[in-house]
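In: just need the structure, nothing else, for what follows:
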Amino acid sequence: MKRRAARVLVAEDDDDEREAIASALRTVDIETDLVADGGRFLVAVASQYRPGDRAPPIDLMVVDVLMPVCGGLAVLEALRGAHWATPVVIITGRETREVRDATHRLGATLMIKPLDLTMLQQTVLRLLAERPAP
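Out: Below is the predicted model of the structure:
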């Protein structure tokens with residue numbers, strides 16, 4: 001039986017960056033869902049709990065640190081507190097010790113903007129390959 005295409009949720013407030021990430025992931029046959037702020041990110045994750053929701057599960061998330069409504073690290077902190085083990089790539093244009101430490105503590109992978117889209121593809125494919133089979 002063929003494994004379904006991986007589904008990645010991309011949470012990035014910059015329209016051009018979000019579309020570039022989606023395009024790069026789609027070229028390696030990854031299905032992408034896109035949201036533009038932390039509030040929509042929360043709604044997309046919460047939809048996984050909606051009774052009768054038939055959408056495939058989120059296999060990986062690419063999340064910006066600074067977004068309107070709420071930041072990516074705050075959402076990830078809450079998800080990890082709820083025992084979500086979904087792989088996460090944290091992206092930021094402002095690398096700080098706090099971001100590096102939080103990313104490490106939350107078990108995520110950090111990538112710095114401007115993104116090397118080939119490296120992003122490789123990182124996402126590696127993380128997806130490392131996840132347990134359903």
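
In: contacts, neighbours, all on C-alpha from now
Out: OK.

In: would you say residue 46 is within a helix?
Out: Yes. Assessed with DSSP: H, G, I helix; E, B strand; the rest coil, residue 46 lies in a helix.

In: in contact with it, which residues?
Out: Going by Cα atoms under 8 Å, 6 or more residues apart in numbering, residue 46 touches no other residue.

In: from residue 34, how far off is it?
Out: 15 Å (Cα to Cα, to the nearest Å).

In: what is the end-to-end distance of stretch 71-87?
Out: Across stretch 71-87, first to last residue, Cα to Cα, it's 17 Å.

In: give the contact list for the spatially most central residue of the chain.
Out: Centroid check for the chain by Cα atoms, centre = their mean gives residue 61 as the closest residue, at 1.7 Å. Counting by Cα under 8 Å, 6+ apart, residue 61 makes contact with 8, 9, 10, 11, 86, 87, 88, 89.

In: contact partners of the helix or strand the last one falls within?
Out: So that's residue 89. Assigning secondary structure by DSSP states H and E places residue 89 in strand 88-92. Outside strand 88-92, the residues that touch it by Cα under 8 Å, 6+ apart are 60-66, 72, 103, 107-113, 124.

In: buried ones among those?
Out: In the contacts of strand 88-92, burial by neighbour count holds for 60-66, 72, 103, 107-111, 124, counting by 16 or more other Cα atoms under 10 Å.

In: quick check, nearest of those to residue 17?
Out: residue 64 (10.2 Å; Cα to Cα).
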